[in-house]
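Participant: sequence first, predicted coordinates after that:
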Amino acid sequence: MKKVVSVLICCFCLCWAGIGENGRNAAAAGAAAAAELPVAANDDGRPARVTAANGFVQLDLTKQEDVKWFFRHKTELARFGVGFVLSVLAVFVFNFLIGRLVRFCCNRSGNNDLLVRLIVRGLFWPIGLCVFATGMRYSFEQLTFVDPENILAAKISGFFVVLSVIWALFSLGNSMCRYGETRARAKNNMMGFLLITMVRRGINVISFAILLLFILKDVLDININAILASAGVAGLAIAFAAQSTIANFFGSVMILIDHPFTVGDRVKINAVDGVVEAVGFRSTRIRSLDGNLYTLPNSTVADAVVENVTERPFIKYAFDIGLVYSTSAAQMRKACALLDEIFKRHPGFYTEKHPPVIRFTEFRDWSLNIAVVVWYDPADWGQFLIEREAVNLEILERFNAEKLEFAFPSTTNYLQQG
């Protein structure tokens, strides 16, 4: 509300400044294109100097003549004042009716969507400013003694219409970004939150830049071509001086867009294995499993091979069991059957999608090897360790009960008597 009141006060001051500059000194009829006009006479016969600037009539008058001027044009000024008040009231009435309509439609449909409420709330005042500009255009047209050709009215209304459009785009983008930030925070998606925050800041900067260029060009009549050229040269110099910083920034942009990991994931990047603690616009901080904190530039992270351990759907567990060479073929078949039975008793290791693979694979130098490959689901490392311990203990108990001997690296030396 404070912002709206400030805008309206600025509008009134701007309008009144236009009247005071061009209206009170507009007793002479017609605007001259020359820089200096002949001497004219006031109502009391005293001479007054008449000049023309920007197509508006100007006349140097005394304070007494100012009073006469106001009384002479009181009807036009009254119309302008009424138009200004009605324009302000129209803004509040319009916003009130639109708000009631939106709430009524949401209640009837049962859809109380946060996005809709944010968008409508963001577009309230920009549309209201456009309504105000339209009303002020017709109000200024009543001041024929100030602006016979409606040049001032067109300039002021055009300025506020463009301002309302930029404000609407700014509010629309920020409303959608706030909705995205709320959803990302609710889902604890910090990477999405950072990306949306960066987009929102970009929208703010672009909106401000467009508004500034419009004010410089159409309001202050400043040639912006030289400004844009100077900005381009300065940007090129900054780009050369801050190559690493810019590379890290664009690296963070690629990380946020590609989303290879999020805060809290365990990742392996080059020689660093740990949990992601924070992702900034310059670097990514990773806490290793031994407690050390690593800070990696985002340009390095963007170019490196990232292994996201947290995103694995299961945990693969592969190991070998070696039995002594005195084990018979029937005992080897019995050992494989025991292993399959043991894993069936632990559902985390025995799933339809990834059943265990148990095979008698090779004759080693010191053992008969049985290769076992299983996949544990879900990929919970702590629970996996508990289940693996239970499986190992059961293998040990069952194999000992069946008299199946485990092999270990050993050599046998034969001595021949001479």
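Facilitator: Noted; the coordinates are in hand. Residues are numbered from 1 along each chain as shown.
Participant: ok, the residue most central in space within the chain - contacts?
Facilitator: The centroid of the chain falls nearest to I196 when counting by C-alpha atoms, centre = their mean (1.9 Å). Residues near I196 by C-beta atoms under 8 Å, 6 or more residues apart in numbering: C177, G180, E181, A184. Just so you know, the C-beta spots here come from the backbone N, C-alpha and C atoms, and that holds for glycine as well.
Participant: thinking the first one is in contact with G202, fair?
Facilitator: In other words, C177. No. Judged on C-beta atoms under 8 Å, C177 makes no contact with G202 at a distance of 9.7 Å.
Participant: which one's more surrounded, the two?
Facilitator: Set C177 next to G202 and count neighbours by other C-beta atoms under 10 Å: C177 wins out with 21 against 12.
Participant: what's the more buried one in contact with, if anything?
Facilitator: Neighbouring residues of C177 by C-beta under 8 Å, 6+ apart: I196, T197, V199, R200, I203.
Participant: so where's the stretch 151-300 of the chain uncertain?
Facilitator: 151-153, 187-191, 218-219, 238-243 (pLDDT under 70).
Participant: give me the neighbour count for W167.
Facilitator: W167 has 22 neighbours, counted by other C-beta under 10 Å.
Participant: name the nearest residue to it, sequence neighbours excluded.
Facilitator: Using C-beta to C-beta, 6 or more residues apart in numbering and skipping the chain neighbours, the partner closest in space to W167 is P126 (4.0 Å).
Participant: so which elements touch the strand or helix carrying that neighbour?
Facilitator: For P126, the host element (DSSP states H and E) is helix 114-140. Packing partners of helix 114-140 (3 or more C-beta pairs under 8 Å, 6 or more residues apart in numbering; DSSP states H and E): helix 2-22, helix 74-109, helix 151-186.
Participant: G264 against A278, yeah?
Facilitator: No. Look at G264 against A278 with C-beta under 8 Å: they stay out of range, at 10.3 Å.
Participant: of the two, who's got more company?
Facilitator: The neighbour comparison of G264 against A278 (other C-beta under 10 Å) goes to A278, with 14 against 11.
Participant: now do the SS call for the more buried one.
Facilitator: Here A278 is strand, with the state taken from DSSP: H, G, I helix; E, B strand; the rest coil.
Participant: ok, N308 - contacts?
Facilitator: Applying C-beta under 8 Å, 6+ apart to N308 gives the contacts P260, F261, D265, R266, V267.
Participant: wait, L289
Facilitator: With C-beta under 8 Å, 6+ apart, L289 has these contacts: D273, G274.
Participant: kindly recompute the last result at 6 Å.
Facilitator: Contact partners of L289, counting by C-beta atoms under 6 Å, 6 or more residues apart in numbering, are G274.
Participant: please begin residue numbering at 53 from this point
Facilitator: Yep, numbering from 53; the last one is L341 now.
Participant: from W433, how far out is it?
Facilitator: Here the criterion is C-beta to C-beta, to the nearest Å. By it, L341 lies 11 Å from W433.
Participant: cool, and R230?
Facilitator: Remark: distance between R230 and W433 (C-beta to C-beta) = 37 Å.
Participant: now do the buried residues in the strand or helix carrying E449.
Facilitator: Using DSSP H and E, E449 sits in helix 433-453. Neighbour counts using 16 or more other C-beta atoms under 10 Å place F436, E439, R440, V443, E446, I447, R450, F451 of helix 433-453 among the buried residues.
Participant: need the per-residue pLDDT for the second one.
Facilitator: The confidence metric pLDDT takes the value 92 at E439.
Participant: coming back round to it: so which of the contacts of C229 comes closest to I279?
Facilitator: I255 (22.0 Å; C-beta to C-beta).
Participant: which secondary structure state does the closest one sit in?
Facilitator: helix.
Participant: spatially nearest residue to it, not counting backbone neighbours?
Facilitator: G225 (3.9 Å).
Participant: number of nearby residues for that neighbour?
Facilitator: For G225, using other C-beta under 10 Å, the count is 18.
Participant: likewise N322?
Facilitator: N322: 13 surrounding residues under other C-beta under 10 Å.
Participant: give me the nearest residue to it, chain neighbours excluded.
Facilitator: A356 (5.5 Å).
Participant: hmm, V319 and that neighbour touching each other?
Facilitator: No. Applying C-beta atoms under 6 Å as the test, A356 and V319 come out as separate, 10.0 Å apart.
Participant: avg pLDDT for the helix holding P178?
Facilitator: 72.
Participant: mind listing what's buried in that helix?
Facilitator: Neighbour counts over helix 166-192 (16+ other C-beta under 10 Å) mark 169-172, 174-189, 191-192 as buried.
Participant: that helix vs helix 126-161, what angle?
Facilitator: Angle between the axes of helix 166-192 and helix 126-161 is 160 degrees (criterion: axes from the mean of the first three to the mean of the last three C-alpha atoms, to 10 degrees).
Participant: who does I373 form a beta bridge with?
Facilitator: Counting by DSSP bridges, I373 forms beta bridges with I422.
Participant: from V134, how far out is it?
Facilitator: To V134, I373 is 97 Å away according to C-beta to C-beta.
Participant: neighbour count: those two, which is higher?
Facilitator: Higher neighbour count among I373 and V134: I373, with 20 against 12, using other C-beta under 10 Å.
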